[in-house]
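>>> Got a sequence here, can you model it:
(one chain, ligands or ions: 2)
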Amino acid sequence: MNSSILKISNLKKDFGKGEIIFNEFDLTLQKKNTAIFGPNGCGKTTLLRIISGLDQSYTGNITFKDSPIKDNVGFGYAFQNPYKFLFPWMTSFENIIFPLKIKSTDREISQRLVTKLLTDFNLDIPLNSYPYQLSTGQCQLLVFLRSIIDSPDLLLLDEPFSNLDYLNRTRILFNLAARKNLPVTIFVSHTIDEAIIFADELIILGDKPAKIIGRVLIPFNRSKRNPELLSSLKFNEVKSSCIKLLKQYII
Ligand SMILES: Nc1ncnc2c1ncn2[C@@H]1O[C@H](COP(=O)(O)OP(=O)(O)OP(=O)(O)O)[C@@H](O)[C@H]1O
Ligand SMILES: [Mg+2]
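Ligands and ions are numbered 1, 2, ... in the order given. So this is what the prediction gives:
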């Protein structure tokens, strides 16, 4: 039997308004980094919320490493809308370390972890500022850093870099892809290039009820990916194979 990292079987979900988001939806992930791509409203955020346990009003079965997902899985979640999920009364630093604070982690350790993350990703964020004093991109970075600071088992990234400039997001993605201790990650993105930089496999979803319309394995060794890849023939071949799958949906 092939063991899976994440397995979703027979998922059914609606919001009680007659619109079915998932119906008998199955998805098995065998790769560590998965990117999910699909149209607005097809159910990507809903899927992450269900996987994380934030939304429990569904039927179906979800396992993580062959055990029910509810058992002892540490989640990191970079929510899609950063403003909705930052604590406005906390500084950047306090927002980032929130998962450590609820575990009563020593403040010095928290400080070291924040410094390390900022160094690793080459980021400069005003740590004493409040969210209202930051740009949208900076708020998004806080949500991202908070999602990884506590080394989760499963990292859920919902369009985490959509407000970042091209250079910042590309650098972070290459860095993230090559990270040795990166958790199992599901990364929702509307950008094929981002998915190819980061993922082992790209899953393309079609509109409601959500269905898998394509799966593309990304044939590049993650630890060796670097910006040269972006202008390579191979990168463009993989991108073309993704676009081919989407072509029939572009009118
Ligand atoms: N709380 C809610 N109540 C009612 N309907 C909802 C709720 N949340 C989401 N929906 C509906 O479920 C569908 C899927 O929403 P979801 O946010 O998962 O889409 P998405 O794929 O993440 O889209 P996007 O790319 O725009 O982020 C949409 O039609 C949306 O209107
Ligand atoms: Mg969404």
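
>>> Count the neighbours of the residue lying closest to F79 once chain neighbours are set aside for me.
The shortest distance from F79 to any residue other than its chain neighbours is 4.1 Å, reached at F85 (C-beta to C-beta, 6 or more residues apart in numbering). Heads up, the C-betas are built off the backbone N, CA and C, glycines and all. Residues near F85, counting by other C-beta atoms under 10 Å, number 17.

>>> go on, E228?
Using other C-beta under 10 Å, E228 is surrounded by 8 other residues.

>>> any idea how far it is from F220?
Distance, E228 to F220, using C-beta to C-beta, to the nearest Å: 11 Å.

>>> So L142 lies in a helix, does it not?
Yes: using DSSP: H, G, I helix; E, B strand; the rest coil, the assignment for L142 is a helix.

>>> per-residue confidence at it?
Confidence per residue is given as pLDDT, and for L142 that number is 98.

>>> Surely F22 is in contact with K13?
Yes: taking C-beta atoms under 8 Å as the contact criterion, F22 and K13 are neighbours in contact, 4.3 Å apart.

>>> okay, and the common contacts of these two?
Both F22 and K13 are in contact with 43, 46, 58, 60, where contact means C-beta atoms under 8 Å, 6 or more residues apart in numbering.

>>> Weed out the non-buried ones from these.
The neighbour-count criterion (16 or more other C-beta atoms under 10 Å) marks 43, 46, 58 among these as buried.

>>> now, which of these lie within helices?
Applying DSSP state H to those, the entries found in helices are T46.

>>> Go back to the buried ones among the shared contacts of F22 and K13 and keep what's next to ligand 1.
Taking C-beta under 6 Å from any ligand atom as the test, ligand 1 is in contact with 43, 46 out of these.

>>> what about E24, which SS state?
Classification of E24 using three-state DSSP returns strand.

>>> pLDDT value on it, please?
95.

>>> Might one say that it is in contact with K12?
Yes: the pair E24 and K12 passes the contact test of C-beta under 8 Å, sitting 6.7 Å apart.

>>> Residue of the stretch 51-200 of the chain closest to ligand 2, please.
Sorted by distance to ligand 2 under C-beta to the ion, the residues of the stretch 51-200 of the chain start with Q80, at 4.8 Å.

>>> Could you measure from that residue over to ligand 1?
Applying C-beta to the nearest ligand atom, to the nearest Å, one obtains 6 Å for the distance of Q80 from ligand 1.

>>> ditto for N168
Relative to ligand 1, N168 is positioned 21 Å away (criterion: C-beta to the nearest ligand atom).

>>> Run through the residues that contact that residue.
For N168, the set of contacting residues under the criterion of C-beta under 8 Å, 6+ apart consists of 137, 161.

>>> Now do the buried residues in the helix or strand hosting it.
Assigning secondary structure by DSSP states H and E places N168 in helix 166-178. The neighbour-count check on helix 166-178 (16+ other C-beta under 10 Å) flags 168-174, 176-177 as buried.

>>> Helix or strand next in line after it, which one?
Following helix 166-178 in sequence order, the next helix or strand is strand 184-188 (DSSP H and E).

>>> pLDDT on that next one, on average?
For strand 184-188, the mean pLDDT works out to 97.

>>> same deal with stretch 157-172?
Mean pLDDT, taken over the full extent of stretch 157-172, equals 95.
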